[in-house]
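1. Here you go, sequence then predicted model.
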Amino acid sequence: MYTPKYDLALVDDARNGDKQAILALLDLAQPDIRRYARRSCSASDDVDDVVQETLWLLYRRVGTLRALGSISGWLLAVVRRECLRMAMRAMGKPDNLNDALLNPANVDRLAHLSQDELRLDLSRAIQSLPEHYREVIILRDIEEMTIDEVAASLNLTRESIKGRLHRSRALLREYLLD
């Protein structure tokens, strides 16, 4: 039988502002956060910064958690976002990819490319993706399969397909903005 790592009473107490519960939750979550960061961050130098930032966010936002049982998923999402933000900053790019896409210089550059040049750039961008991201983006956006069809085809959950699709699209935007 599955037993959750995070005691729901502890999380609920932390959510309600109990300082001891918050400290216990931070102590309990730190190894998971570090493990997530080691897997998610491309630069090992960023791991400590991501762990610190994630712990700080958990401390500040524990009161806003709605679903007590989903704290692991929430922590993983925060770590991934922080790793991406650190990588973007290290490359000298904006932290927010949407801001980069709306940058007039990028819009102007893409507007002046021919259809063939755009196709070639997009093809190169897709080829640059890791295999597990490339599969998802091709099945969903090129072959126009539904999320459920892609999940069944790759024998994965809907949530993992959505996560990979989101990450692959972010990587494509990043590639195309270079």
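-> Received, thanks.
2. Put the alpha carbons of the helix or strand encompassing residue 75 into PDB.
-> Using DSSP states H and E, residue 75 sits within helix 71-90. The C-alpha coordinates for helix 71-90 follow below in PDB (Å, rounded to 0.1, in the frame of the first residue of the first chain):
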ATOM      1  CA  ILE A  71       3.100  18.900  -2.600                       C
ATOM      2  CA  SER A  72       5.600  16.700  -4.400                       C
ATOM      3  CA  GLY A  73       4.300  17.700  -7.800                       C
ATOM      4  CA  TRP A  74       4.200  21.300  -6.800                       C
ATOM      5  CA  LEU A  75       7.800  21.100  -5.600                       C
ATOM      6  CA  LEU A  76       8.900  19.400  -8.800                       C
ATOM      7  CA  ALA A  77       7.200  22.100 -10.900                       C
ATOM      8  CA  VAL A  78       8.900  24.900  -8.900                       C
ATOM      9  CA  VAL A  79      12.300  23.200  -9.300                       C
ATOM     10  CA  ARG A  80      11.900  22.800 -13.000                       C
ATOM     11  CA  ARG A  81      10.900  26.400 -13.500                       C
ATOM     12  CA  GLU A  82      13.800  27.600 -11.300                       C
ATOM     13  CA  CYS A  83      16.300  25.500 -13.300                       C
ATOM     14  CA  LEU A  84      14.900  26.900 -16.600                       C
ATOM     15  CA  ARG A  85      15.100  30.400 -15.200                       C
ATOM     16  CA  MET A  86      18.700  29.900 -14.100                       C
ATOM     17  CA  ALA A  87      19.700  28.500 -17.500                       C
ATOM     18  CA  MET A  88      18.000  31.400 -19.300                       C
ATOM     19  CA  ARG A  89      19.800  33.900 -17.100                       C
ATOM     20  CA  ALA A  90      23.200  32.100 -17.600                       C
END
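3. what does that helix rub up against?
-> With contacts defined as C-beta atoms under 8 Å, 6 or more residues apart in numbering, helix 71-90 is touched by 5-6, 11, 29, 32-33, 36-37, 40-43, 46, 49-50, 53-54, 57-58, 65, 94-95, 97, 167, 170, 174. Bear in mind the C-beta positions are built from the backbone N, C-alpha and C, glycine included.
4. Please check these and keep the buried ones.
-> 6, 11, 29, 32-33, 36-37, 40-41, 46, 49-50, 53-54, 57-58, 65, 94, 97, 167, 174 (16 or more other C-beta atoms under 10 Å).
5. In helices, which of those residues appear?
-> 11, 29, 32-33, 36-37, 40, 46, 49-50, 53-54, 57-58, 97, 167, 174 (DSSP state H).
6. ok, back up a step: buried sites along the helix holding residue 75?
-> So, applying 16+ other C-beta under 10 Å, buried residues of helix 71-90: 71, 74-76, 78-88.
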